[in-house]
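Q: just a sequence and a predicted model for now, questions to come.
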Number of protein chains: 2
Amino acid sequence: MKNYSIAKSRRLRSTPYTSRIEKQGVTAYTVYNHMLLPAAFGSLEDSYHHLKEHVQIWDVAGERQVEISGKDSAKLVQLMTCRDLSKSKDGRCYYCPILDNEAGIINDPLILRINENKWWVSIADSDVILFAKGLAIGNKFDVKITEPNVNIMAVQGPKSFKLMEKVFGEKITKLKFFGFDYFDFEGAKYLIAQSGWSKQGGYEIYVENTESGLKLYDHLFEIGKEFNVKPGCPNLIERIESALLSYGNDMDIEDNPYECGFDKFINIESNVEFLGKEKLKKIKTEGIKKKLMGIKLDIKEISLSGSLDLKDEKGNIIGELRSACYSPHFGKVIGIAMMKKPYWNVSQTVNIEINSNYCPGKVCDLPFI
Amino acid sequence: MKNYSIAKSRRLRSTPYTSRIEKQGVTAYTVYNHMLLPAAFGSLEDSYHHLKEHVQIWDVAGERQVEISGKDSAKLVQLMTCRDLSKSKDGRCYYCPILDNEAGIINDPLILRINENKWWVSIADSDVILFAKGLAIGNKFDVKITEPNVNIMAVQGPKSFKLMEKVFGEKITKLKFFGFDYFDFEGAKYLIAQSGWSKQGGYEIYVENTESGLKLYDHLFEIGKEFNVKPGCPNLIERIESALLSYGNDMDIEDNPYECGFDKFINIESNVEFLGKEKLKKIKTEGIKKKLMGIKLDIKEISLSGSLDLKDEKGNIIGELRSACYSPHFGKVIGIAMMKKPYWNVSQTVNIEINSNYCPGKVCDLPFI
């Protein structure tokens, strides 16, 4: 596929780390929450292998925070998600589909409960702040909604634990998955969670003090040499192999959470009030008519810039491929597709047209690995 | 400035015209409402001169529509904007700042009144649909809110009138500025407005039937040869010279409409109810502390990827440059800046640091031309 430049402007916000990653060899960007998000440092495949063996520092400032605080903050946060947060605890992250009143997915953030009256919604790519503001105004909730100056730096990969221990001491190794706590570096305080957009393990550092955060960024590279630290970014291959879904790519407002396999985050039997609850009950009763599944294609490369139809032997459209890449692990192209009912059997044959050639493939379960 | 590739994916939606403009030589993209928006076809300056003399066809599908229909639609639309729409008429476009309850600007769309119970909000780059949904749900309004499959194609430049007359007949030349009406092409109906994101004149064609729209796209190029038609896109130079403000670049949620010179679209004396009205009254009484002004710099090139501080002779920050380009008309760099009070005098000296050099310049009024 031909390369096109990204036309930079203030509207596509740079991050505090942008000038650093440009010196470190970033080659491609995507745009995420009106902000530049690095998408490649040269070869995706080299970066994939490195991520699975060593440790990377990622500029993921594009994962913006919607801070919701005040007396009615818990009520507003709960209204937006089908996951029951009534038993949520301070210092924990919760993966939460955010729904509209028709149960269409608006976003799939991690929600951090700072305390009962202060929450950070760490968002995927859509303006959740506008939805929250609209709901708060309409319901006359007593809340304050802002986008604080928080710029996440992720430390990902199997050696991230050793690297972070070297900076923050043994305490950080006690952090549980999706737990967060506060850590000091040179006098500044950092909220750090054991989380991140890979399945290789690691942390996300919520940097509030930009100046100190840049020192930390540089320090991690300096002391990380022994762990072969490199700059990186969410890796298309690794995230598809791990079936980490991407909002806007794999699902959007036209999809409901059952169709995306989010069943364990849908609490329609709970007593809490949230948008789309009645619709979800109806969907549960009637059953879904499409769902996300894996696809393996007997080809060696693909470059997707939109959906591609998946067809059966007779040429009927039976699904839509939404993300795909070449997987070194499987030696073929793998992808995530929204498959129509009843084409959900593992080993269902699919055909896809690429450059006027029909390529065969098979449906499979998610995740791939 | 070094070029970086844009990493395409389904999340950065292609438009129905993308495959065509890629054959026609698009070289750079920006992202607008989660969609690819062409930003250059080779030289910006060549395209600028062509736009001012001839006619261009633009893929501006990224200008998405938020369709608000139903019994309470007029009430919801009015709630979102400080412009009094109580005397609005069917078949007219209205430039409307959309505000939150603190009078921060959320978007600056054209609002099309299709009829009293159906409106299209033709948005700049933010998810107004989520704000509208939140407000509607919270207020229990009886409305339907969707993003219809509408992909705008703009025809811009002084020869656009002749070109469009050749396709749609004399009737289209009777359309007033910001008026719209329905026109036929090969059996399909098109909503066409006399509007567009240049000051060179032209139309925006709201394409609802994609298949027919692509035929129209090709037809315009075919019959436009005599007018020297070319593909194009909103042109940075032309839009800055004309002071067509760009949401996210020149203003954002941290700014209020008085600071952006939108006074004639702020109807605080009206009886209509809208968000931020009380705050606007307070701002009006107290006066603003910053405002958008023009800047001319005695340099020949600039490439802005974020705000740049403007300083006085003593090094105090007195403003923030938000958009800028080299203007062939003035033979120097011009830009749009948010200037602090009291540095609003035309001919106020400013200094800007670019690559460790201080460049002098002057404040001026908007628009430049």
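A: Yes, it's here.

Q: skip the chain neighbours and tell me the closest residue to A:I223.
A: A:K166 (5.7 Å; C-beta to C-beta, 6 or more residues apart in numbering or on different chains). Quick note: C-beta positions are derived from backbone N, CA and C, even for glycine.

Q: which other helices and strands contact the host helix or strand of the one you found?
A: For A:K166, the host element (DSSP states H and E) is helix A:160-168. Judged by 3 or more C-beta pairs under 8 Å, 6 or more residues apart in numbering or on different chains; DSSP states H and E, the packing partners of helix A:160-168 are strand A:55-59, strand A:180-185, strand A:202-207, helix A:210-223.

Q: please work out how many residues are found near the residue in chain A that chain B sits nearest to.
A: Chain B sits closest to A:G138 of chain A, with a gap of 1.7 Å, by C-beta to the nearest C-beta. By the criterion of other C-beta atoms under 10 Å in any protein chain shown, A:G138 has 19 neighbours.

Q: now it: closest residue in space, sequence neighbours ignored.
A: Nearest residue to A:G138 in three dimensions, chain neighbours excluded: B:G138, at 1.7 Å (C-beta to C-beta, 6+ apart).

Q: hmm, back to that, and the residue nearest to A:I223, how many residues sit next to it?
A: Neighbour count of A:K166, defined by other C-beta under 10 Å: 15.

Q: other SSEs contacting the strand ranked longest in chain A?
A: Using DSSP state E, we find that the single longest strand of chain A is strand A:317-327. Packing partners of strand A:317-327 (3+ C-beta pairs under 8 Å, 6+ apart): helix A:236-241, strand A:290-297, strand A:308-311, strand A:332-340, strand A:349-354.

Q: repeat that for 7 Å
A: On a contact count with 3 or more C-beta pairs under 7 Å, 6 or more residues apart in numbering or on different chains; DSSP states H and E, strand A:317-327 meets helix A:236-241, strand A:308-311, strand A:332-340, strand A:349-354.

Q: now that strand: how far from the chain's centre is it?
A: Relative to the centre of its chain, strand A:317-327 is centred 18 Å away, using C-alpha atoms, centre = their mean, to the nearest Å.

Q: and it with strand A:332-340, angle?
A: For strand A:317-327 against strand A:332-340, the angle by axes from the mean of the first three to the mean of the last three C-alpha atoms, to 10 degrees is 150 degrees.

Q: what mean pLDDT does strand A:317-327 get?
A: Averaged across strand A:317-327, pLDDT comes to 97.

Q: need the contact partners of that strand.
A: Strand A:317-327 is contacted by residues A:236-237, A:240-241, A:246, A:249-250, A:295, A:300-302, A:304, A:307-312, A:333-340, A:343, A:350, A:352, B:10 when judged by C-beta atoms under 7 Å, 6 or more residues apart in numbering or on different chains.

Q: sheet partners, orientation included, of that strand?
A: If you go by DSSP bridges, strand A:317-327 pairs up with strand A:308-311 (antiparallel), strand A:332-340 (antiparallel).

Q: and A:A28, which of these is closest to it?
A: Smallest distance to A:A28 across the strands paired with strand A:317-327 (C-beta to C-beta): 19.6 Å, for strand A:332-340.

Q: may I have the closest one as CSV, with CA atoms only?
A: Only the C-alpha atoms of strand A:332-340 are listed here, as CSV (Å, rounded to 0.1, in the frame of the first residue of the first chain):
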residue,chain,number,x,y,z
LYS,A,332,-0.4,-16.6,7.8
VAL,A,333,-2.8,-13.6,7.9
ILE,A,334,-5.1,-13.5,10.9
GLY,A,335,-7.9,-11.0,11.6
ILE,A,336,-10.9,-10.1,13.6
ALA,A,337,-14.3,-10.2,11.8
MET,A,338,-17.9,-9.6,12.6
MET,A,339,-19.6,-12.8,11.4
LYS,A,340,-23.3,-13.1,10.6
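
Q: give me the contacts around that strand.
A: Residues contacting strand A:332-340 (C-beta under 7 Å, 6+ apart): A:240-241, A:243, A:250, A:289-302, A:310, A:318-327, A:363, A:368.

Q: return the members of those residues classed as buried.
A: By neighbour count, with 16 or more other C-beta atoms under 10 Å in any protein chain shown, the contacts of strand A:332-340 hold A:240-241, A:243, A:250, A:290-297, A:299, A:302, A:310, A:318-327, A:363, A:368 as buried.

Q: show me where pLDDT drops low in chain A?
A: Chain A contains residues with pLDDT under 70 at A:1.

Q: how far off centre is stretch A:298-316?
A: Computed by C-alpha atoms, centre = their mean, the chain-centroid distance of stretch A:298-316 equals 24 Å.

Q: coming back round to it: look up which helix or strand the residue of chain A closest to chain B falls in, please.
A: helix A:128-139.

Q: ok, back up a step: any idea which of the strands paired with strand A:317-327 is most buried?
A: strand A:332-340 (a mean of 23; mean count of other C-beta atoms under 10 Å in any protein chain shown).

Q: tell me the contacts of A:M80?
A: A:I98, A:A132, A:L275.

Q: rewinding a little: which element follows the helix holding A:G138 toward the C-terminus?
A: Using DSSP H and E, the helix or strand that follows helix A:128-139 towards the C-terminus is strand A:144-146.

Q: who touches the following helix or strand past that next one?
A: Going down the chain from strand A:144-146, the next helix or strand is strand A:151-156, by DSSP H and E. Around strand A:151-156, the neighbours that count as contacts under C-beta under 7 Å, 6+ apart are A:15-17, A:51, A:55-61, A:63, A:163-164, A:196, A:198, A:200, A:202-207, A:210, A:213, A:217, A:220.

Q: same check on stretch A:200-220?
A: Contacts of stretch A:200-220 with the rest of the structure, by C-beta under 7 Å, 6+ apart, involve A:16-17, A:20, A:51-52, A:57, A:149-158, A:160-161, A:163-164, A:167, A:185-186, A:188, A:190-196, A:229, A:238.

Q: so how far is it off the chain centroid?
A: So, by C-alpha atoms, centre = their mean, the centroid of stretch A:200-220 is 19 Å from its chain's centroid.

Q: dump it to CSV, restricted to CA.
A: What follows is stretch A:200-220, C-alpha atoms only, in CSV (Å, rounded to 0.1, in the frame of the first residue of the first chain):
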residue,chain,number,x,y,z
GLN,A,200,3.1,-9.1,27.3
GLY,A,201,2.7,-7.6,30.8
GLY,A,202,3.7,-4.2,32.0
TYR,A,203,2.6,-0.9,33.5
GLU,A,204,0.9,2.4,32.5
ILE,A,205,2.3,5.5,34.1
TYR,A,206,-0.3,8.3,34.4
VAL,A,207,2.0,11.3,34.1
GLU,A,208,0.5,14.5,35.6
ASN,A,209,3.7,16.5,36.0
THR,A,210,5.0,16.8,32.5
GLU,A,211,8.5,18.1,33.4
SER,A,212,9.2,15.3,35.8
GLY,A,213,7.6,12.8,33.5
LEU,A,214,10.0,13.7,30.7
LYS,A,215,12.9,13.1,33.1
LEU,A,216,11.4,9.7,34.0
TYR,A,217,11.0,8.9,30.3
ASP,A,218,14.7,9.6,29.7
HIS,A,219,15.7,7.8,32.9
LEU,A,220,13.8,4.6,31.8
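
Q: cool, thanks, talk later.
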